[in-house]
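> mind looking at a prediction? Sequence and model below.
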Amino acid sequence: MKLKTLLHKYNHIWLLVYVPIYVISFFFIEEFIVSSSDNYWVSYTPIDDKIPFCEWFVIPYVLWYPFMGLTGLYLFFADTDAFRRYLWFVIIGFSSTLLFYIIFPNGQNLRPEAFENDNILTRIMAHIYENDTNTNVLPSLHCIGSVAAFLTYFDCKKLYKRKWLVVSAGIMCVLICMSTCFCKQHSFLDVVAALIWSAVTYVIVYVFMKHRMQKKKKAKTTEGISYSVK
């Protein structure tokens with residue numbers, strides 16, 4: 001297959017340029033948010049005190065990466081339109097969140113000073129703490145990303161036909177959102193804010209943008225048929 005043909009078939013690959021842009025932007029912003037309560041608004045609710053640290057939730061927390069990545073990889077080849085909407089949800093949801101971090105610096109002070117148990121899970125969590133500061137938490141990007149991935153299982157017809165996959169994705173989404181609190185990476189407030197943020201992004205992408213995409217695709221199909229008749 002010629003390069004020109006491949007580029008035409010997979011012209012949605014340009015959306016992936018956002019991934020390195022997001023990663024660089026996130027850590028760049030992290031550099032400007034100092035881990036001091038004098039420099040950010042503290043995200044907290046009394047519910048946080050009722051949620052204990054549980055190292056087992058490190059597993060779904062880390063699974064966020066393959067959950068988002070493998071979902072996107074499948075859509076890239078199996079459903080171009082669903083892939084576009086998935087990436088646009090991520091682009092809009094993540095970018096607006098990063099902008100909010102800049103405008104309204106925030107953080108949380110929920111991390112345990114020491115772990116009760118010393119095992120592979122707590123060591124992984126310690127490594128995460130070391131490389132990811134306790135700032136820029138409201139809303140939770142982990143939760144927004146999980147919702148973004150979960151919604152594609154309804155948007156992609158091939159995935160939606162496999163109900164066990166839809167249910168599994170839903171369970172994974174819920175566990176990841178819960179893990180952000182049980183790993184003390186986020187306040188309960190961060191999760192609520194992320195769900196509201198995701199709801200607004202859903203309307204933008206799956207109502208307005210999807211309608212526009214379908215209308216544009218229908219117009220092209222109609223134009224093609226008219227051209228064939230001529």
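Perfect, thanks for sending it. Numbers count the residues shown, from 1 in each chain.

> quick check: closest non-adjacent residue to the residue sitting nearest the centre point of the chain.
In the chain, the residue lying closest to the centroid (Cα atoms, centre = their mean) is G145, at 1.2 Å. Spatial nearest neighbour of G145, chain neighbours left out: M68 (5.2 Å); criterion: Cβ to Cβ, 6 or more residues apart in numbering. Placement of C-beta: from N, CA and C, glycine included.

> what ranges do the helices span in this protein?
3-9, 18-30, 47-50, 58-78, 80-103, 120-131, 141-155, 157-160, 163-182, 188-202, 210-229 (DSSP state H).

> can these go into JSON lines with extra columns for mean pLDDT and distance to P112?
Compiled in JSON lines, those are given as follows (pLDDT from 0 to 100; distance: least, Cβ to Cβ, whole Å):
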{"stretch": "helix 3-9", "mean pLDDT": "55", "distance to P112": "50"}
{"stretch": "helix 18-30", "mean pLDDT": "92", "distance to P112": "21"}
{"stretch": "helix 47-50", "mean pLDDT": "97", "distance to P112": "12"}
{"stretch": "helix 58-78", "mean pLDDT": "97", "distance to P112": "13"}
{"stretch": "helix 80-103", "mean pLDDT": "96", "distance to P112": "24"}
{"stretch": "helix 120-131", "mean pLDDT": "96", "distance to P112": "9"}
{"stretch": "helix 141-155", "mean pLDDT": "97", "distance to P112": "19"}
{"stretch": "helix 157-160", "mean pLDDT": "95", "distance to P112": "38"}
{"stretch": "helix 163-182", "mean pLDDT": "98", "distance to P112": "11"}
{"stretch": "helix 188-202", "mean pLDDT": "98", "distance to P112": "16"}
{"stretch": "helix 210-229", "mean pLDDT": "67", "distance to P112": "43"}
